[in-house]
Each structure stands twice: as C-alpha cells, then as structure tokens.
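mind looking at a prediction? Sequence and model below.
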Amino acid sequence: MINWRNEAPLDFYKLALGAFLFLSPWLFTFVYTPASLDAWMGGSILMVVSAAALLAFNAWEEWLALFLGLWMIAAPWILSFPHTATKVHLIAGLICAYLAGLELWLVRYDQQIPR
C-alpha cells in the first residue's frame with residue numbers, strides 16, 4: 001500500500017492542470033503556433049513534474065512547477081499570444097504558481113512543527 005503525503009492532492013491538481021494545458025490548443029483552437037507549442041511543452045513538463053512529485057517528492061519539483069507557472073503568466077506578453085491563448089495561459093499559470101507555492105509552504109511549515 002502506498003503511503004501518500006498530506007500534500008499529494010495538490011500534485012493531482014497540477015497533473016490535471018497540465019493535461020488541460022496540453023489539450024488547450026485543441027479545446028480552444030489556437031491558431032498561433034508559438035501559443036500551441038508553449039501549451040504543449042508547458043503541459044507536458046507540468047504533467048511529468050507532478051507525476052514525479054507523486055512518486056517521490058523533492059522540493060526542486062515544486063520549485064520547477066512554480067517557475068513553470070510564472071513562465072505561463074509571462075509567456076503571453078513575451079511571445080505576443082492572441083487573446084484566447086493569453087487567457088488560458090494566464091489562468092493556468094496563476095493556478096499552477098499558487099498550487100506549487102502552497103505545497104512548498106505546507107511542506108516547510110510541516111517541517112517546523114515539533115511533534
């Protein structure tokens with residue numbers, strides 16, 4: 001039987017968010033190629049990092065997810081995405097950064113509490 005961490009549901013949410021981001025070029029018919037490529041790469045990386053964090057947690061996985069979320073927030077302006085792709089990336093980036101930051105904070109907070 002697998003012994004899950006208390007923070008594991010956050011990794012499942014990030015895994016689902018990565019799948020949504022990966023599928024978003026088809027769901028929202030992105031016509032701008034850089035937006036599609038960024039969504040596919042970002043979604044793929046987020047799914048791999050989230051799955052790795054579920055199997056064996058390391059803090060660097062959450063830092064990578066946090067950086068990826070910040071990149072998704074900034075990418076629409078750096079790469080000049082159209083309106084729909086900007087909304088999808090911005091919302092996914094905000095959620096990803098929030099979940100990764102929350103998990104990092106919870107893990108650090110849990111380590112500071114004497115048992």
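Happy to help now that I have it.

can you pull out the helices in this protein?
Counting by DSSP state H, the chain has these helices, from start to end: 8-27, 33-55, 59-78, 83-112.

mean neighbour count and mean pLDDT for those - can I get that in TSV?
For glycine as for every other residue, the C-beta is placed from the backbone atoms N, C-alpha and C. Conversion of these to TSV gives the following (neighbours: other Cβ atoms under 10 Å; pLDDT from 0 to 100):
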stretch	mean neighbour count	mean pLDDT
helix 8-27	18	94
helix 33-55	19	94
helix 59-78	18	95
helix 83-112	17	90
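
distance check, L90 against L10.
Look at L90 and L10: by Cβ to Cβ, to the nearest Å, they are 20 Å apart.

cool, F20 as well?
Counting by Cβ to Cβ, the gap from F20 to L10 is 15 Å.

same check on A16?
A16 is 11 Å from L10, by Cβ to Cβ.

before we move on, what about Y109?
13 Å.

what of V49?
The value you get for V49 to L10, if Cβ to Cβ is used, is 12 Å.
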